[in-house]
Every structure is written in C-alpha cells, then in structure tokens.
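A.B. asks: Next come a sequence and a model predicted from it.
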Amino acid sequence: MARQKIDDRLRAEFKEWARRIIGDDRLARKYGLSQNTIGEIERALVQAFTMGQSGNYTKQPLPPNSGESEIVPWIMIPPRARSTLDWIAFLLFRMNLHFSNQDTILERINLNGRDRWIVPTDRNKREFQTFSSGGVIPLKRMGLLAESRNNDDGLVLTPKGVATCKEYWRRYSANDPTLPKISLRP
C-alpha cells in the first residue's frame, strides 16, 4: 500500500508550528525567560500524530494557477521570499511608491561576485537593501514576479503579486494574529 502524500498546506502549517516554537525559544533565551521548548515540540508532535491517526484533516488542494489575480496564501510562501515580498509591500503601501505593470520592481546586480536583487530607485543611494536569489526566485516561480520586457536583469510585479501584497498588507495592518511569521527573529 502506497503512502498518502502529505497535503502542501498541512506541511506548510507544520513548518509554521516549528518556526513559532523556535522563535519563542530564541526570544525566551534572549531575555532570560523560562523556556519549555521540549514540551512545545512534544505537544506539536502529539497533535500532528493524532491528526494523522484520526485522518482528522481535510486535504485542501491548492487553487489552480488559472487566474492572474489569484492570491497566493502567505503560508505557502517560503520565509526568505516572505521577507522580500514584505519589503515590496512596504514600498507599495507604506512608502506609496507607484509601479505600473511595466516598471521594474527588482533589478539584478552583481555584488562581491554574487547575484543580488535591488529596488532600482535605491541604486544611487549610499546604503541600500538587497535581496538574495533565494528570496526572489521562489516569488518568480509562484508567479508573483515576472521577467521585465524593458530590462533584461529586471523583474516586475504581476497582478497576482499585487493582489498577494494587498492581502498581506491588509492583514498586517489589522494585526492579524494568524498571519505567519516572516522570519525566526523575535
């Protein structure tokens, strides 16, 4: 009998549990608070085991990529890509930078022999934010970013990317406690 494949959303939720446990542990260590990491891991494992034994989870298929304006669930975006998308959403909705569909939102540069990505408006600044390919390529693979027609080394935000950024910013502004963490940093 073949093993049943684990649902992608369920796998992402398990990863979020792990990130929350590790983040809480790091925060407790940083401030000298008591920690019960072993207990938290044990509870998460028991909950996952009982969920698997009872079959008490519903397999929710990911929506097909048929529509351009569909929103990618934040939980399905890897943490490094979340950080990149968070910065893009910050530029769009907090700094009110306006990008049209044709405007390059990220541009590849070579920094110390490595490919990095930069927001083109930051190019002439003394200090600027760069992003690794590990944070950009997953967004491209998910259809949130696409190759620029005007710039060989540039990426543009797709309608799906804009919709995902808007939904993230709405949840972020509302202090949604169910919004997955961007990173393990406290």
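C.D. replies: Received, thanks. Residues are numbered from 1 along each chain as shown.
A.B. asks: contacts and neighbour counts: CA atoms only from here.
C.D. replies: Noted.
A.B. asks: how about the helices of this protein, start to end?
C.D. replies: 8-30, 37-54, 79-89, 133-141, 159-173 (DSSP state H).
A.B. asks: In the fourth one, which residues are buried?
C.D. replies: Right, helix 133-141. By 16 or more other C-alpha atoms under 10 Å, the buried positions in helix 133-141 come out as Ser133, Gly135, Val136, Pro138, Leu139, Lys140.
A.B. asks: swap in the longest one?
C.D. replies: Neighbour-count burial for helix 8-30, with 16+ other C-alpha under 10 Å as criterion, is recorded at 9-10, 12, 16-28.
A.B. asks: So, low pLDDT: which residues of this structure?
C.D. replies: Under the criterion of pLDDT under 70, the regions of the chain flagged as low confidence span 1-4, 56-69, 96-102, 122-124, 126, 183-186.
A.B. asks: With distance to Tyr168 added, can I get the buried residues of helix 133-141 in JSON lines?
C.D. replies: Formatted as JSON lines, those follow (distance: C-alpha to C-alpha, whole Å):
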{"residue": "Ser133", "distance to Tyr168": "21"}
{"residue": "Gly135", "distance to Tyr168": "17"}
{"residue": "Val136", "distance to Tyr168": "17"}
{"residue": "Pro138", "distance to Tyr168": "17"}
{"residue": "Leu139", "distance to Tyr168": "14"}
{"residue": "Lys140", "distance to Tyr168": "17"}
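A.B. asks: Closest one of those to Phe93?
C.D. replies: Phe93 lies nearest to Leu139 out of the buried residues of helix 133-141, by C-alpha to C-alpha, at 18.6 Å.
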